[in-house]
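> sequence first, then the predicted structure, then my questions.
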Amino acid sequence: MKVIVVGAGTAGPALAIGLKRAGHDVVIYDKFTAEVYTSTNSVWFNETGGSVGIATNGLRVLESLGVREEVTQNSIPVFGATFHKMDGSSPVTQHGASDSMPGAQIWRVSLNRIMLTRCQQEGIKTSISKKLVGITDVGDSVVCAFADGTTDSADLVVGADGTHSVIRRLIFGEDKIAVPTGEVGWVGRTDLGQGKGKEGAGVNAVNDIPICLYADRRKRTTVMISRTRQDQICWNVSDFNTATEATADWRPSPDLPSDIETLGTLVDSWGAPKHVTDLIRASNSIAPYAIYDLDDLPSYHNGRRVVLIGDAAHAMRPNLGVGLSMGLEDAGTLIELFAEFPDPKDFDIVFKAYDALRLKRTQGVAAKARKVSEMSYSSSEFAANFTHMTMRFAFFVMRYIDMMGPIENYDYKTETANFIAKLKSEK
């Protein structure tokens, strides 16, 4: 079958690679233009954005696609995170699932390059400057229309077009949008050892645990520092108090020196440690961002020939650090289902199985992330101090009951194989 994947982030290319290897004809379309570079080997997005975490469940998918080793070589292993008050005091460490392998923290651009380069090597065509404006089901195929006037058709269309998915709105209605949470800020990257202020900058921020957070729970401000390579640190600065309109697209700063100085001064005023503000002032790139949340959808497909994966299906708050891995699970699940049911006449079986395997799981994780986000801030100084003081006990309980275990240790191949076996036994 022919498959059109709309969206060249992470989940889309992952699915494209798996389906291409199974013998399907796969193409990728993405709307980005100026932010994309091309070479003889691949295309990739501009050098902006921050870090992303890939949990054990996501790494399983990458391993099955043959890219885990390259991801590991370009990332830092992660076992947990350390939380501080904004001034760097009172550190509390949260560990990952008790019996899981370490996750990986990687610069988003590095991950994107790895995935799209592998797509190129697999013979998957990736077209840029292709903004989707419409889809039409013509019976035996779906026609995609783009803003430049071109069209393409396929047996299956996959909406991997992210938080602000056009395909989601086209198949479920214009009201099915991810809404701003009110949290906005900046993400950035600092390459160490490349100029004044960068030698050793931020080293104290990321010691044994490569992710450190500094928060003022009453003022609702946060700085996260994450090491993504030995010579690279990413960060994000966020608050609920900035009168900045949330933006749907990531755009690099047009005036880096001015913006990093302004941002450094702002974080200074919050009382953050000096090594944190030094790190921000030494940034190589920064970009604005906003956090969105998507209400639960009734399904992840239209019942015909269109299916959603990743943030297009279940954009969630980042507080559990597993949103990207959920998207990779989606891709892995569909790869396994189409391996068993490769004929378009079996789309109904695939889609129903996909919903059964993914709806409850992903929406449950999104609900937990939402709850953690709501508990992260307090209305008074006393409540803020009490919340931070009780975090140590809360993390102990979470580890004791292994709250993250069912999330991080999920094996999509086993779960999908068991579901397929159940389907066959019921026939």
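Done, it's in. Computed from a predicted structure; not experimentally measured.
> what segments of the stretch 51-200 of the chain are helices?
Applying DSSP state H, counting those that start in this stretch to the stretch 51-200 of the chain gives helices spanning 56-64, 68-73, 108-121, 166-172.
> with mean pLDDT as added columns, please give those helices in a markdown table.
Below are these laid out as a markdown table (pLDDT from 0 to 100):
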| stretch | mean pLDDT |
| --- | --- |
| helix 56-64 | 96 |
| helix 68-73 | 96 |
| helix 108-121 | 93 |
| helix 166-172 | 97 |
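> from the ones you listed, which stretch is densest packed?
Mean neighbour count (mean count of other CB atoms under 10 Å) peaks for helix 56-64 among the helices of the stretch 51-200 of the chain, with a mean of 23. Yep, even glycine has a C-beta here, placed from its N, CA and C like the rest.
> kindly export it (C-alpha atoms) in PDB.
What follows is helix 56-64, C-alpha atoms only, in PDB (Å, rounded to 0.1, in the frame of the first residue of the first chain):
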ATOM      1  CA  THR A  56      12.900   3.000  27.900                       C
ATOM      2  CA  ASN A  57       9.600   2.300  26.100                       C
ATOM      3  CA  GLY A  58      10.500   4.700  23.300                       C
ATOM      4  CA  LEU A  59      14.100   3.400  23.000                       C
ATOM      5  CA  ARG A  60      12.600  -0.100  22.400                       C
ATOM      6  CA  VAL A  61      11.000   1.200  19.200                       C
ATOM      7  CA  LEU A  62      14.200   3.000  18.100                       C
ATOM      8  CA  GLU A  63      16.100  -0.300  18.700                       C
ATOM      9  CA  SER A  64      13.700  -2.200  16.400                       C
END
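> any weak-confidence spans in the stretch 301-427 of the chain?
Low-confidence segments of the stretch 301-427 of the chain (pLDDT under 70): 378-379, 382-404.
> tell me where it has helices.
Applying DSSP H, counting those that start in this stretch to the stretch 301-427 of the chain gives helices spanning 311-314, 323-340, 347-374, 381-400, 405-408, 412-426.
> so which of those helices is nearest Ala22?
Of all those, it is helix 323-340 that lies closest to Ala22, at 5.8 Å by CB to CB.
> and Ile291, what is it in contact with?
Pro180, Thr181, Glu183, Val184, Ser238, Arg317, Pro318 (CB atoms under 8 Å, 6 or more residues apart in numbering).
> please disregard the earlier target; I meant Gly66.
The contact partners of Gly66, by CB under 8 Å, 6+ apart, come to Arg118.
> need the contacts of Ile291 in JSON lines (columns: neighbour count and distance to Glu408).
Formatted as JSON lines, the contacts of Ile291 follow (neighbours: other CB atoms under 10 Å; distance: CB to CB, whole Å):
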{"residue": "Pro180", "neighbour count": "15", "distance to Glu408": "28"}
{"residue": "Thr181", "neighbour count": "16", "distance to Glu408": "24"}
{"residue": "Glu183", "neighbour count": "22", "distance to Glu408": "24"}
{"residue": "Val184", "neighbour count": "21", "distance to Glu408": "28"}
{"residue": "Ser238", "neighbour count": "20", "distance to Glu408": "24"}
{"residue": "Arg317", "neighbour count": "21", "distance to Glu408": "17"}
{"residue": "Pro318", "neighbour count": "18", "distance to Glu408": "15"}
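> of all the helices of the stretch 51-200 of the chain, which lies closest to Asp140?
helix 166-172 (18.1 Å).
> run through the stretch 151-300 of the chain and note the low-pLDDT ranges.
Applying pLDDT under 70 to the stretch 151-300 of the chain flags the ranges 194-209, 242-256.
> where do the strands sit along it?
With DSSP state E, counting those that start in this stretch, the ranges of strands along the stretch 151-300 of the chain come out as 151-154, 156-159, 179-191, 211-216, 221-229, 232-239, 285-293.
> Ala331: which of these is closest?
Counting by CB to CB, Ala331 lies closest to strand 156-159 out of the strands of the stretch 151-300 of the chain; the figure is 9.0 Å.
> so what strands line up beside the closest one?
Taking DSSP bridges as the criterion, strand 156-159 forms sheet pairs with strand 2-6 (parallel), strand 306-308 (parallel).
> so what touches it?
Under CB under 8 Å, 6+ apart, the answer for strand 156-159 is 1-7, 12, 15, 135, 142, 144, 165-168, 171, 305-309, 312-313, 334, 344, 347.
> you'd agree Phe79 is up against Met101?
No - the criterion here is CB atoms under 8 Å, and Phe79 misses it with Met101 at 9.4 Å.
> how about the residue nearest the centre of the chain, what does it touch?
Centrality entry for the chain: nearest residue to the mean C-alpha point is Leu324, 3.4 Å, by CA atoms, centre = their mean. Leu324 makes contact with Thr10, Ala11, Val52, Gly53, Ile54, Gly58, Gly310 under the criterion CB under 8 Å, 6+ apart.
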